[in-house]
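S.K.: Sequence first, predicted model second:
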Amino acid sequence: MTGPATAVTFDFGQTLCELDTGMLSRRLGERGLDVAEAQLDAALPTALAAYDAGIRRGFGGHPWKLLMSELLTHAGAPAFHLDATVDWLWTEQLTKNLWRRPIAGMIEIVAALRARAIPVGVISNSEGRLAELAAEIGWADRFDVIADSGVLGLEKPGAAIFAWTAEALRVPMGNIVHIGDSFAADVEGAVNAGLHAIWFAAKPGIALPARAHGTTNAAEVRSALAALGIALD
């Protein structure tokens, strides 16, 4: 049963940190491919929509190669290099994670939560080295728990990864607010598991389930948390 919000979890990619398209452009240059950062930025919404659709079609909670293939295709990368480039980027992702550009105002929300002694976690469909990435960018001490699907073998939107995190935080699932950008993984997954949800990429025309709030930036996330009883301002 859903109760008052007393803890908060975040997705990582496109919620706390976004894809560093400048870094990706430079990495593609190492392979002799000239794909500008602006082209990648323009193609990213289409790729993220394909990622979400892939989750709904049962491609697994982390169809990384699907997302990257769509991104490079719509950004104009040569088709004859596509599969090999995506495979190379995937292997490189383990040591040079591309999702590392902080999203404005979001880590400040994490800091405000921790200042109020509110339990904070991350629930991410990742490659198994998310804790190492957090340490690399100076965030190692920001979270009480990091649930990395690549480590746990559990993926959103499945309920098990939410349950694992709730147990680690020692908070009932019904008292947790989960914030994330993927409607299928983060909103539907969280709500179906019994959590509250805040959608950090709300699109017009998509009906939100009960216990879900739509937001598009950090200020709106703060307002949604306040509506759930967690006031940070």
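M.R.: Thanks, I have the structure now. Numbering: from 1, shown residues only.
S.K.: residue ranges for the helices of this protein, please.
M.R.: Ranges of helices in the chain, per DSSP state H, are 21-29, 37-56, 64-74, 82-93, 106-115, 130-136, 149-152, 159-169, 189-193, 218-227.
S.K.: for these, which one sits closest to Asp181?
M.R.: Evaluated over the helices of the chain, closeness to Asp181 peaks at helix 37-56, with 7.4 Å, by CB to CB. All C-beta atoms are positioned from the backbone trio N, CA, C, and that covers glycine.
S.K.: For Leu195, give me its contacts.
M.R.: 2, 9, 162, 173-174, 176-178, 211 (CB atoms under 8 Å, 6 or more residues apart in numbering).
S.K.: which one of those sits closest to Val122?
M.R.: Using CB to CB, the contacts of Leu195 come closest to Val122 at Thr9, 6.6 Å.
S.K.: Help me confirm that that closest one comes into contact with Gly121.
M.R.: Yes: if you go by CB atoms under 8 Å, Thr9 and Gly121 touch, sitting 4.3 Å apart.
S.K.: Give the residues shared as contacts by the two.
M.R.: In contact with both Thr9 and Gly121: 147, 165, 169, using CB under 8 Å, 6+ apart.
S.K.: Quick check: the gap between the second one and Ala147.
M.R.: Counting by CB to CB, to the nearest Å, the gap from Thr165 to Ala147 is 4 Å.
S.K.: what touches both of those two?
M.R.: 9, 121, 123.
S.K.: Who wins on neighbours among the residues you listed?
M.R.: In terms of neighbours by other CB atoms under 10 Å, those top out with Ile123 at 33 neighbours.
S.K.: how about it, what does it touch?
M.R.: By CB under 8 Å, 6+ apart, the neighbours of Ile123 are 9-11, 147, 156, 161-162, 165, 178, 180.
S.K.: same thing but at 10 Å, please
M.R.: Ile123 makes contacts with 9-12, 145-149, 152, 154-156, 161-162, 164-166, 176, 178-180, 185-186, 189-190, 193, 195, as judged by CB atoms under 10 Å, 6 or more residues apart in numbering.
S.K.: And for Glu136?
M.R.: Taking CB under 10 Å, 6+ apart, we find Glu136 in contact with 96-97, 100, 129.
S.K.: That one and Gly58: what is the separation?
M.R.: Glu136 is 32 Å from Gly58, by CB to CB.
S.K.: Same check on Gly128?
M.R.: Counting by CB to CB - Gly128 and Gly58 are separated by 21 Å.
S.K.: Between the two, which is the more surrounded one?
M.R.: More neighbours surround Gly128 than the other of Gly128 and Gly58, with 13 against 8 (other CB under 10 Å).
S.K.: Contact partners for that one?
M.R.: Contacts of Gly128 by CB under 10 Å, 6+ apart are 94, 148-153.
S.K.: TSV for the residues you listed, including distance to Leu113?
M.R.: Listed next are the contacts of Gly128 as TSV, based on distance: CB to CB, whole Å:
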residue	distance to Leu113
Leu94	29
Asp148	20
Ser149	23
Gly150	25
Val151	23
Leu152	23
Gly153	28
